[in-house]
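> return atomic coordinates for the entry below.
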Amino acid sequence: MLKWLTSAIIVAIVATGCNTVARNETSPSPQSNGRVEAQQTDPRKKEIKNSEQVAVHLEQLAKGINGVRNAHCVVLGNTAIVGIDVDARMERSRVGTIKYSVAEAFRKDPYGIDALVTADMDLQQRLNEIGADIRRGRPLAGFAEELADIMGRIVPQLPRDVLPQEPGRQELQR
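Here you go, the predicted model:
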């Protein structure tokens, strides 16, 4: 019995060893590093030289999607942020579909390939105001004001941080 068990173990080890060798022979050798280079087929992002022209172009592209009532675009450096205006009573899933359709249209456009698309009503309006400030010649101030307003809405208000008002002092609450 012991001879039979020893023979079976030896056969199993030899069979396993042969299997491993065969597998190693079929795998590519690290020394034969044959480089394969693939060409990119996705549209490449173009460098934005005229941000106002690109903003108008992306707004028109977004407005061409069914369900988009209006669009506002702000270009920051080489990135565009596009806010789309949809019917406020529209279901969330439908809004998501429209936003996806806009992103799909942008994917085929070299200026829109890396654009950010939002359907948030507040952000869309703020993008409109930033765009108006840029056209008025105050891009940094307008952006800083809107960013401060956005942050003011995002940062939570903790009741522990609220100080009681002095009796003689009346202030408007935002």
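> residue boundaries of the strands in the chain?
70-76, 79-85, 116-118 (DSSP state E).
> which intervals of this protein have sub-threshold pLDDT?
1-45, 158, 168-174 (pLDDT under 70).
> for it, which segments count as helices?
Along the chain, the segments classed as helices by DSSP state H run 2-26, 51-63, 92-107, 121-135, 139-154.
> among those, which is nearest residue 83?
Nearest to residue 83 among the helices of the chain is helix 121-135; the distance by C-beta to C-beta comes to 3.1 Å. Every C-beta, even on glycine, is put in place using the N, C-alpha and C of the backbone.
> any buried residues in the closest one, and which?
By 16 or more other C-beta atoms under 10 Å, the buried positions in helix 121-135 come out as 123-124, 126-131, 133-134.
> and stretch 50-59, by the same measure?
So for stretch 50-59, counting by 16+ other C-beta under 10 Å, buried means 51, 54-55, 57-59.
> ok, stretch 83-92 next?
Within stretch 83-92, judged by 16+ other C-beta under 10 Å, the buried ones are 83-86.
> export those as JSON lines, with columns for distance to residue 148.
Below are the buried residues of stretch 83-92 laid out as JSON lines (distance: C-beta to C-beta, whole Å):
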{"residue": "83", "distance to residue 148": "18"}
{"residue": "84", "distance to residue 148": "24"}
{"residue": "85", "distance to residue 148": "23"}
{"residue": "86", "distance to residue 148": "27"}
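> and those, which is closest to residue 100?
Within the buried residues of stretch 83-92, proximity to residue 100 (C-beta to C-beta) peaks at residue 84, which comes in at 11.2 Å.
> ok, the closest one touching residue 68?
Yes: between residue 84 and residue 68 there is a contact under C-beta atoms under 8 Å: 4.9 Å.
> list the residues that contact both of the two?
Common neighbours of residue 84 and residue 68 (criterion: C-beta atoms under 8 Å, 6 or more residues apart in numbering): 62, 98, 102.
> which of those residues are buried? Put it as a PyMOL command.
Buried residues among the shared contacts of residue 84 and residue 68 (16+ other C-beta under 10 Å), as a PyMOL selection:
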select buried, resi 62+98+102
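> closest one of the shared contacts of residue 84 and residue 68 to residue 75?
For the shared contacts of residue 84 and residue 68, the nearest to residue 75 is residue 62 (13.6 Å; C-beta to C-beta).
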